[in-house]
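# Give me a model of this one.
(3 chains)
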Amino acid sequence: MTAAIEARGLGKQYGRRWALTDCTLSIPAGHVVGLVGPNGAGKTTLINLSTGMLAPTAGSIAVLGKQPASDPGQLAKVGYVAQDTPTYSGMSVEDHLRFVAHMNPAWDNGMAVKRVQQLGLDLKQKAGKLSGGQRAQLALTLAIAKRPQLLMLDEPIASLDPLARREFLQILMEATAEQELSVVMSSHLVADLERVADYLIVLVASRVQIAGEVDNLLATHHLVTGPRRDPDALPLSQRVITASHTDRQSTMLVRSDEPVVDPSWSASQIDLEDLVLAYMGQARDGSPGMTDQVGTKVLEEKR
Amino acid sequence: MIEFHLDSRSGVAPYLQLIQQVRQALRLGLLREGDQLPTVKEVSGALAINPNTVLKAYRELEYEGLAAAKPGVGTFVTKTLTDESIAAHQQLAKDLLCWYREARAAGLDTESIDGIYRQTVRSALQEEAV
Amino acid sequence: MIWLSWRQFRTQAIVAGAALVAVAIALLATGPHLAAMFDNSGLATCRTGCATDANNFINQVRGTNADLIFFGGIILLYLVPALIGLFWGAPMVAREFEAGTFRLAWNQSVTRSRWVAVKLGLISLAALATTGLLSLMISLWSGPLYQAAQKAGQNTFNNKIGPPLFGATGIAPVGYAAFAFALGVTAGVLIRRTIPAMAVTLVIFAAVQILMPILIQPHLIPPVQATAPFNANQANEIMITSPGNTITVVGNYSHPGAWILSNKTITPSGRVFTGPAARACTSSSAAPQQCSNWLNSLHLRQLISYQPASRFWPLQWLELGIYLVLAVGLGWLSVWQVRRRRA
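Have a look, this model is predicted:
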């Protein structure tokens, strides 16, 4: 199957600052990909490069096998909802549907109208008068009803209240199931993505920290606690992501394909949120060393 | 038709929760042989979870012989749990009661008993998942 | 794309339509009266020696509100292309960037180049039609005045072959509108902010409109050169500058309806006459006639370069052609740049 997005050494520079550095990814199709990172990490840049809104400074990117926005056929296959869900504030909901319908041969008008009615949106209402949640739903409808293969969403639920958030994700998941969509959704909150993402990319300070299927990541990361030990003393097959120590005890997050069998360690799984936090912390602080900390463990055991 | 719910704080993976709920429904007789399970689209839309999660759960149920997929139609229950397991359940319940009484006699309060139970089950689940 | 172009252009189209209707009403209200005055003046049938009648007619009109409408029409025909560039051209792409809606518009199954090209084409047509209609209405209404100006025999302000009237009549304004619009769109594509794009469009358009009549228009067709004997008694101007004792003389030359580009006084040897001024002209005790006699004795000639009235339409077509070429060039530039420049 062609990868949904294939990036090689992708980079984007603004002036002297690199918004995205040396990004190499092969995002498989048929997944809901959560793109997580703090604000300013480069998530929007990556999404804009994938949709052809930006051109790379370095490296290459191929979306569904082709250059982004290269021709109408390729544009038809990629749906996109930008941050702050831009809409024409002077145009009604109905006009939006009509305008997108005219510009997309594969437009499914029945589905679009049905969805809009389900959402309780007034067709004649101007988009500028809609609430944030309604605008997000409208933008999502516009992106989905053109029957794309890949959907790119840039922090679509960041400014929505919990109910609007839940409704957005429900509709998104329903459409993903029905149309067999691949989805790339960015957020700076892991909680938004935990239910829906089965592939994770963590982006911090313009670099990809880790990327992989969620099940695999959770299975290969172990939170180990035991007597105080130097992280470098661990076998090579166990990569230490973060480590913290008290005078007697060490707690480390370790990545390893095999289970941790050393009896002096007690190992447990961590959840997605802590995994992301660990990688974000590691990116900020550099590689783990011997840091003395009096007090409790940094990462909680969840299970 | 069964309606699923998700406890995001239970620590149990979503797909396992779905499987457990199907098994529970079968046990209680809420689901019978021949009943259709909700479609992947319906479940993922209702719970706002990844369709692959639902697929995984349904595949596991198929593997256990509890359900079977009919392409283009849906997934249907193929077995009921009620009859065969009732006897096993009763025996297990008796054993558990014995153990509980032992623990109480040893001086444990309900919280400690609960703690031992949870920890044991958790470790066992982890071993199973590997 | 066509529906979308219309939908986004709707407001501007309605404003333009309303404005055209308002102008039409004003013209219809006063046109017949003006035409009647013209008929009464007898200028329609007059062939020669109409200068006095023509001047009378012009003076007659000067007092009425027709004069106001005439000048209003001129100003309108210079203003409308600029407004089209500012309000139709500059926002077309710049507004999409500012509002972020380009992220919605350019993710549909239409490439951004095609989006710009189609909108450029359709709105250009609207610009051409609007300006053409306006020019037609105003030219029809002003017909009597232009005819009178031509027959008046002087190179008056009302001469339509030269600036400023040349650009406010015929088909030239249509070219200006196309150019201004394309300029606005290009500015919007490159600058991506509406107000700065409007400012740049205005500045560049104004510069072009000012420089065209000075640098290019006179030479669109090589001007006609004519000579005539210089008669100091009918001179338009005799000026003596001191110190240096140079004298500049400008003779009178009348060619009805023509655009006089230069009127130099030359000596028999062919050089421009600069003096030095004889005492007959500089001495305060000398009579003016003595100066004139001295000048006439020098056998000076006038060298005149002009565009005759008959060249009005060829010049108009050339002007239109140039501006259309510029418009097409700018249009191509904006389509190319919108695809190429992704910040």
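# Can you give the distance from the biggest helix by length in chain B to the centre of its chain?
Scanning chain B for the helix with the most residues, using DSSP state H, yields helix B:82-105. Distance of helix B:82-105 from its chain centroid, counting by Cα atoms, centre = their mean, to the nearest Å, is 18 Å.
# same thing with stretch A:147-158?
Computed by Cα atoms, centre = their mean, the chain-centroid distance of stretch A:147-158 equals 10 Å.
# Can you confirm whether that stretch lies near chain C?
No - using Cβ under 8 Å from any Cβ of the partner chain, stretch A:147-158 never reaches chain C; the gap is at least 8.8 Å. Where C-beta positions appear, they are placed from N, C-alpha and C, glycine not excepted.
# Show me what counts as buried in that stretch.
By 16 or more other Cβ atoms under 10 Å in any protein chain shown, the buried positions in stretch A:147-158 come out as A:R147, A:P148, A:Q149, A:L150, A:L151, A:M152, A:L153, A:D154, A:E155, A:P156, A:I157, A:A158.
# circling back to that earlier point, which elements pack onto the longest helix of chain B?
Other helices and strands packing on helix B:82-105, by 3 or more Cβ pairs under 8 Å, 6 or more residues apart in numbering or on different chains; DSSP states H and E, are helix B:14-28, helix B:110-129.
# between the ones you listed, which one is nearest to C:N40?
helix B:14-28 (94.9 Å; Cβ to Cβ).
# Save the buried residues of stretch A:147-158 as a markdown table, and put in secondary structure and pLDDT too.
A markdown table is the format used below for the buried residues of stretch A:147-158 (DSSP: H, G, I helix; E, B strand; the rest coil; pLDDT from 0 to 100):
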| residue | secondary structure | pLDDT |
| --- | --- | --- |
| A:R147 | coil | 91 |
| A:P148 | coil | 93 |
| A:Q149 | coil | 93 |
| A:L150 | strand | 95 |
| A:L151 | strand | 95 |
| A:M152 | strand | 95 |
| A:L153 | strand | 95 |
| A:D154 | strand | 94 |
| A:E155 | coil | 92 |
| A:P156 | coil | 89 |
| A:I157 | coil | 88 |
| A:A158 | coil | 86 |
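# and which of these is nearest chain B?
Checking the buried residues of stretch A:147-158 against chain B by Cβ to the nearest Cβ gives A:I157 as the nearest, at 10.7 Å.
# List the contacts of the closest one.
A:I157 makes contact with A:A136, A:A164, A:R165, A:F168, A:L169, A:S187, A:D192, according to Cβ atoms under 8 Å, 6 or more residues apart in numbering or on different chains.
# what secondary structure does the spatially most distant residue from the centre of chain C sit in?
Relative to the C-alpha centroid of chain C, counting by Cα atoms, centre = their mean, C:S285 is the outermost residue, at 47.1 Å. Here C:S285 is recorded as coil under DSSP: H, G, I helix; E, B strand; the rest coil.
# can you list the weak-confidence ranges in the chain?
Defaulting to chain A. Applying pLDDT under 70 to chain A flags residues A:1, A:286-303.
# that's the other chain; I wanted chain C
Residues of chain C that meet the criterion pLDDT under 70 lie in C:152-158, C:242-244, C:343.
# Nearest the middle, which residue of it would you pick?
Central residue of chain C (Cα atoms, centre = their mean): C:G167, at 2.1 Å.
# Kindly report the same for chain B.
B:Q20 (1.4 Å).
# Within range of chain B, give me the residues from the stretch 1-150 of chain A.
By Cβ under 8 Å from any Cβ, the part of the stretch 1-150 of chain A that sits against chain B consists of A:G30, A:H31, A:V32.
# Spatially, what comes nearest to the second one if we skip its sequence neighbours?
Put plainly, it is A:H31. Nearest non-adjacent residue to A:H31, counting by Cβ to Cβ, 6 or more residues apart in numbering or on different chains: A:Y199, 4.2 Å away.
# What about the residue nearest to B:S10 when sequence neighbours are not counted, how many residues nearby?
Nearest non-adjacent residue to B:S10, counting by Cβ to Cβ, 6+ apart: B:Q17, 7.0 Å away. B:Q17 is flanked by 20 other residues according to other Cβ atoms under 10 Å in any protein chain shown.
# Excluding sequence neighbours, find me the nearest residue to C:L122.
Nearest residue to C:L122, sequence neighbours excluded (Cβ to Cβ, 6+ apart): C:S5, at 4.8 Å.
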